[in-house]
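Colleague: Here is a sequence with its predicted model. Questions after.
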2 protein chains.
Amino acid sequence: MPARQTSKRQTSKSRTLRQTSEARPYHHGDLRRVLIDAALQLAAEGAEVSVREAARRAAVSPAAPFRHFPNRDALMAAVAGEAQRRFRVEIEAALREVPSADPLARFRAFGIAYVRWAIRNPAHFEIISTGRYFAHGGSAELTRDNAELVALTEQMLADAAEQGLLQSADLKRVLIAGRALIYGFARMNLDGHFPRWGVAEDEIERMAEAVIDLFIVGIAKP
Amino acid sequence: MPARQTSKRQTSKSRTLRQTSEARPYHHGDLRRVLIDAALQLAAEGAEVSVREAARRAAVSPAAPFRHFPNRDALMAAVAGEAQRRFRVEIEAALREVPSADPLARFRAFGIAYVRWAIRNPAHFEIISTGRYFAHGGSAELTRDNAELVALTEQMLADAAEQGLLQSADLKRVLIAGRALIYGFARMNLDGHFPRWGVAEDEIERMAEAVIDLFIVGIAKP
DNA sequence: CTATCATGTAATCATCGATTACATTTCGGG
DNA sequence: CCCGAAATGTAATCGATGATTACATGATAG
């Protein structure tokens, strides 16, 4: 057996194993987490995510994952949760660099950060976006988390409207349009459309900015 | 052995069957086509598309499909081709009802027809859009077909610009934005986002129109 | 009529998700 | 401190799938 290397988990396996540095708690310590990470990495490598392969990487039997997830979808839901968490961290970091007084600038920053993350983490974005792993096995935390992101953009547009920056009073429509634009751009990249549209690889991020700017100009009061 | 039931292959005694209309060539006549149709229907039913199930529906052995397609992806590429053909027929029908003199109205009609088809044929749209089955096994015909659709929208915007209807001179940007909007809307529906965004099932098509109108107003010269 | 080719079948593999029975580790209550 | 229950992992196995190989058979040209 090609033993998987040194899982350096130490929990408080207090006394019998006194080597604190070697305090391997059980077999794995936190197989659940290890499996999620393995699956995430698998996705990042462009490989297909299978339960067995995740188990293999965790150096554990093919049946072991099912102790932690009732089925594959549950694992994928957890993976989606983790990916979404990372996604959200990035979005919020980007927003922190924009003055909250300028809602349209915030919307712009949001859109750009969104698309950038989607471009640079295509497999993770795919897992997040499909929603196949949200609704069903997805934790309530995941959907709440997502709802907060929705509310975030809602707030931006509401602020913009309040400041009289918008042309249309139909906020919901503007919101959906903006989201569709951003999401559509990200998915076009993911789904490999841009070559057909004459957008080269290294133009994509710039194009994203241009497109978002176009949208903002379109909805802004002249 | 549970013998494969009643293979009702009436050996057509070719010579005797001179009926040109009955020129049944071999067992199936056109297994390839039957398989594609079976797969399409499978997708339409929301079931997973497997080679074996398609074979089953064609009442043929599990290995038979591989005489017509080198692998599953090739079958899926053919399925995507057929779906795309149907899609294109619908789009062009919709465009025929709009005067060619009004490019923005044509763009609107295109977008609405696009989204409508995507909403009403989700599984087929999924197969078309992913691009997973385009580039690789996809026939050159498929990509050419697609390029023509791209050119269609390009032409609309070019016409609009020529008539001085557009605000921006950067046509490519407007084109990509419009596409991203339409595609994004269609995919949001497909990926199950709308519940989260407070858009009810029966509002979706209306919302699509509203969103597209918003976009057109945004890019049009005031 | 017959040889050849296209088309389909049977048998078989490896992989995967999933389940069941069993083994081992952990940990808390006596 | 010990022991038994609960948690965690393993082994064996199932059924389905994509794919390949050797073989059978219908169709058709010469």
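Modeller: Happy to help now that I have it.

Colleague: do you know how far residue A:201 is from residue A:187?
Modeller: 16 Å (C-beta to C-beta, to the nearest Å). Where C-beta positions appear, they are placed from N, C-alpha and C, glycine not excepted.

Colleague: For those two, indicate the residue with more neighbours.
Modeller: residue A:187 (26 against 10; other C-beta atoms under 10 Å in any protein chain shown).

Colleague: quick one: contacts for the more buried one?
Modeller: Contact analysis of residue A:187 by C-beta atoms under 8 Å, 6 or more residues apart in numbering or on different chains lists A:118, A:129, B:183-184, B:187.

Colleague: what do you get for residue A:35?
Modeller: If you count contacts by C-beta under 8 Å, 6+ apart, residue A:35 has them with A:54-55, A:58, A:65, A:68-69, A:75.

Colleague: Please name the residues that touch residue A:108.
Modeller: A:212-213, A:216.

Colleague: Just give me the closest of these to residue A:105.
Modeller: residue A:216 (8.8 Å; C-beta to C-beta).

Colleague: and that closest one, how many neighbours?
Modeller: 18.

Colleague: Now do the contacts for it.
Modeller: Residue A:216 neighbours (C-beta under 8 Å, 6+ apart): A:104, A:107-108.

Colleague: how near is it to DNA strand D?
Modeller: 45 Å (C-beta to the nearest atom of the strand, to the nearest Å).

Colleague: Send over the strand or helix carrying that residue as PDB, restricted to the C-alpha atoms.
Modeller: Assigned by DSSP states H and E, residue A:216 belongs to helix A:204-219. The C-alpha trace of helix A:204-219 is given here as PDB (Å, rounded to 0.1, in the frame of the first residue of the first chain):
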ATOM      1  CA  ILE A 204     -11.900  38.000 -21.400                       C
ATOM      2  CA  GLU A 205     -11.400  39.800 -18.100                       C
ATOM      3  CA  ARG A 206     -11.100  43.100 -19.800                       C
ATOM      4  CA  MET A 207     -14.200  42.400 -21.800                       C
ATOM      5  CA  ALA A 208     -16.000  41.600 -18.600                       C
ATOM      6  CA  GLU A 209     -15.200  45.000 -17.300                       C
ATOM      7  CA  ALA A 210     -16.300  46.700 -20.500                       C
ATOM      8  CA  VAL A 211     -19.500  44.800 -20.600                       C
ATOM      9  CA  ILE A 212     -20.400  45.600 -17.000                       C
ATOM     10  CA  ASP A 213     -19.600  49.200 -17.600                       C
ATOM     11  CA  LEU A 214     -21.900  49.200 -20.600                       C
ATOM     12  CA  PHE A 215     -24.600  47.800 -18.400                       C
ATOM     13  CA  ILE A 216     -24.200  50.400 -15.700                       C
ATOM     14  CA  VAL A 217     -24.200  53.200 -18.200                       C
ATOM     15  CA  GLY A 218     -27.300  51.700 -19.600                       C
ATOM     16  CA  ILE A 219     -29.300  51.700 -16.400                       C
END
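
Colleague: List the buried residues in that helix.
Modeller: Residues of helix A:204-219 classed as buried: A:204, A:207-208, A:210-216, A:218-219 (neighbour count, 16 or more other C-beta atoms under 10 Å in any protein chain shown).

Colleague: Over to stretch A:78-92?
Modeller: Using 16+ other C-beta under 10 Å as the test for burial, stretch A:78-92 gives A:78-84, A:87-88, A:90-91.

Colleague: As JSON lines, the contacts of residue A:108 with pLDDT and distance to residue A:33 would be great.
Modeller: Shown next, in JSON lines, are these (pLDDT from 0 to 100; distance: C-beta to C-beta, whole Å):
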{"residue": "A:212", "pLDDT": "98", "distance to residue A:33": "36"}
{"residue": "A:213", "pLDDT": "98", "distance to residue A:33": "41"}
{"residue": "A:216", "pLDDT": "98", "distance to residue A:33": "40"}
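
Colleague: And the residue nearest the centre of chain A?
Modeller: Centrality entry for chain A: nearest residue to the mean C-alpha point is residue A:84, 3.2 Å, by C-alpha atoms, centre = their mean.

Colleague: Contact partners for the residue lying closest to it once chain neighbours are set aside?
Modeller: Leaving aside its sequence neighbours, residue A:84 sits nearest to residue A:128 (C-beta to C-beta, 6 or more residues apart in numbering or on different chains; 5.2 Å). Applying C-beta under 8 Å, 6+ apart to residue A:128 gives the contacts A:80, A:83-84, A:87.

Colleague: Identify, from the contacts of residue A:216, the entry nearest to DNA strand C.
Modeller: Nearest to DNA strand C among these is residue A:107, at 38.8 Å by C-beta to the nearest atom of the strand.

Colleague: What is the burial count for that closest one?
Modeller: Residue A:107: 26 neighbours (other C-beta under 10 Å).

Colleague: Check the gap between it and residue A:101 for me.
Modeller: Taking C-beta to C-beta, one finds residue A:107 at 13 Å from residue A:101.

Colleague: For the helix or strand bottoming out on mean pLDDT in chain A, enumerate the helices and strands it packs against.
Modeller: Using mean pLDDT, DSSP states H and E, helix A:140-162 stands out as the lowest-scoring helix or strand of chain A, at a mean of 89. For helix A:140-162, the packing partners by 3 or more C-beta pairs under 8 Å, 6 or more residues apart in numbering or on different chains; DSSP states H and E come out as helix A:72-95, helix A:103-120, helix A:171-190.

Colleague: Report the backbone C-alpha coordinates of stretch A:29-48 in PDB.
Modeller: Output of stretch A:29-48 as PDB, limited to C-alpha atoms (Å, rounded to 0.1, in the frame of the first residue of the first chain):
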ATOM      1  CA  GLY A  29      -9.100  12.800  12.400                       C
ATOM      2  CA  ASP A  30     -11.400  14.600  10.100                       C
ATOM      3  CA  LEU A  31     -12.100  12.400   7.100                       C
ATOM      4  CA  ARG A  32     -15.000  14.500   6.200                       C
ATOM      5  CA  ARG A  33     -12.900  17.600   5.700                       C
ATOM      6  CA  VAL A  34     -10.200  15.700   3.900                       C
ATOM      7  CA  LEU A  35     -12.700  14.300   1.500                       C
ATOM      8  CA  ILE A  36     -14.100  17.700   0.700                       C
ATOM      9  CA  ASP A  37     -10.700  19.100   0.100                       C
ATOM     10  CA  ALA A  38      -9.800  16.100  -2.100                       C
ATOM     11  CA  ALA A  39     -12.900  16.600  -4.100                       C
ATOM     12  CA  LEU A  40     -12.200  20.300  -4.400                       C
ATOM     13  CA  GLN A  41      -8.800  19.600  -5.700                       C
ATOM     14  CA  LEU A  42     -10.000  17.000  -8.000                       C
ATOM     15  CA  ALA A  43     -12.400  19.500  -9.500                       C
ATOM     16  CA  ALA A  44      -9.700  22.100  -9.700                       C
ATOM     17  CA  GLU A  45      -7.600  19.600 -11.700                       C
ATOM     18  CA  GLY A  46     -10.400  19.300 -14.200                       C
ATOM     19  CA  ALA A  47     -10.800  15.600 -13.300                       C
ATOM     20  CA  GLU A  48     -14.200  14.200 -12.700                       C
END
